[in-house]
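>>> Using only what follows, build the 3D model:
(2 chains)
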Amino acid sequence: MAIGNTRVAALISEAREDPPGRERPLSPHLSVYRFMYTMALSILHRITGLVLALGLAALVYWLMSAAAGERAYEQAAWLFRGWAIRVLLLGWLASYCFHFLNGLRHLAWDAGLGLERVHARRSGRVVVVLAVVSFLIAAWVLFWPRAGVP
Amino acid sequence: MSLRSPLAVVLGRGAAGEGAAHWWAQRTSALALVPLTLWFLLSLTRLPLDDYAAVTLWMANGTNPLWLALLLLVLCFHSRLGVQVVIEDYVHSGAVKIAALLLNSAAHLLLAGTGLYAVLRVALRGLA
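The predicted model follows:
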């Protein structure tokens, strides 16, 4: 009891000496760890997620243009054909491919699967390869000029 | 010795005050987005995207408006949760953090509402 009281007193005095504006370390501690590519994938998951959140605006704009009538839709379609927007669309497609596949990896982890270091590293490499392949296929199917499509 | 009050231990809601609810919501919405986003992208590959009549016909056809509406809602929900975590991790100043969190929620609500309105408007055009 006496020991407990002195520890509490020590904590309180420590808290009092601590100036209110002092910078305390806060998670995530990105600069603390040695860099690993699995870590890069984790960061990339966040970045692609943020990129996709911005893409939501484009999706809603496209839907709204369809609701607003033929002229608005033609204008949107014309905009989406521009090369700068094309680059954005390709960026969103690439982000989706990675975020989707790496998201499956995260869901597997949450189910308790593949958490061993060897497995996590291997699944990371698989995700990167599959993301590149699926992006190339999807980009080819979606962006190749389709004259024959009815 | 623990500084957590007995009540906090019993409630088990942690520092964020909502327990594991956010974590579960992010995972379950991710799971729902697996079929929804795949369906959407596969549909896009089969659509002549420059053709207004074909696209609106597809948007209004059969159960498509239902899947589009669900896609939009779950997408905005999942996106809001994800951006929220990023804000909580990197924005530490109280007022800016609260403002950013409110803006995040408002922006996603607006996107979900607008997108839903657009889908319904195209889908119900025949009835108007």
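
>>> need the contact list for the closest residue to residue A:90 other than its chain neighbours.
Nearest in space to residue A:90, with sequence neighbours left out and distances taken as C-beta to C-beta, 6 or more residues apart in numbering or on different chains, is residue A:139 at 6.0 Å. Where C-beta positions appear, they are placed from N, C-alpha and C, glycine not excepted. By C-beta atoms under 8 Å, 6 or more residues apart in numbering or on different chains, the contact set of residue A:139 is A:90, A:93, A:94.

>>> Residue B:65 too?
B:59, B:119, B:120, B:122, B:123.

>>> how about stretch B:108-124 against chain A, any contact?
Yes - Stretch B:108-124 is in contact with chain A by C-beta under 8 Å from any C-beta of the partner chain, via B:108, B:111, B:114, B:115, B:117, B:118, B:119, B:121, B:122.

>>> From these, which land in helices?
If you go by DSSP state H, the residues of stretch B:108-124 next to chain A have B:108, B:111, B:114, B:115, B:117, B:118, B:119, B:121, B:122 in helices.

>>> which SSE is the nearest residue to the first one once chain neighbours are set aside in?
By the measure of C-beta to C-beta, 6+ apart, the closest residue to residue B:108 outside its immediate chain neighbours is residue B:80, 3.9 Å from it. With the criterion set as DSSP states H and E, the secondary-structure element containing residue B:80 is helix B:64-90.

>>> Name the next helix or strand downstream of the lowest-mean-pLDDT helix or strand in chain A, please.
Every helix and strand of chain A was ranked by mean pLDDT, DSSP states H and E. The lowest is helix A:2-17, at a mean of 68. Per DSSP H and E, the first helix or strand lying C-terminal to helix A:2-17 is helix A:37-68.

>>> which strands and helices sit next to that following helix?
Contact here means 3 or more C-beta pairs under 8 Å, 6 or more residues apart in numbering or on different chains; DSSP states H and E; on that basis helix A:37-68 packs against helix A:70-81, helix A:83-110, helix A:117-143, helix B:52-60, helix B:64-90, helix B:94-123.

>>> contacting residues around residue A:74?
Residue A:74 neighbours (C-beta under 8 Å, 6+ apart): residue B:52.

>>> How about the one 3 residues further on?
With contacts defined as C-beta under 8 Å, 6+ apart, the neighbours of residue A:77 are B:49, B:50, B:52.

>>> Kindly recompute the last result at 10 Å.
Contacts for residue A:77 were tallied using C-beta atoms under 10 Å, 6 or more residues apart in numbering or on different chains; they are A:62, A:65, A:66, B:49, B:50, B:51, B:52, B:55.

>>> Against chain A, how distant is the last one?
In this structure, residue B:55 and chain A are 6 Å apart, going by C-beta to the nearest C-beta, to the nearest Å.

>>> pretty sure that residue contacts residue A:66?
Yes - with contact defined as C-beta atoms under 10 Å, residue B:55 and residue A:66 form a contacting pair (5.9 Å).

>>> picking that back up, now a PyMOL select for only the buried ones of the contacts of residue A:139.
Entered in PyMOL, the line below selects the buried ones among these, by 16 or more other C-beta atoms under 10 Å in any protein chain shown:
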select buried, chain A and resi 93+94
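
>>> re the thing from before, out of the contacts of residue A:77, which are buried?
Looks like the contacts of residue A:77 have A:62, A:65, A:66, B:49, B:52, B:55 buried, using 16+ other C-beta under 10 Å.

>>> contacting residues for the last one?
So the one you mean is residue B:55. By C-beta under 10 Å, 6+ apart, the neighbours of residue B:55 are A:62, A:63, A:65, A:66, A:73, A:77, B:44, B:47, B:48, B:49, B:122.
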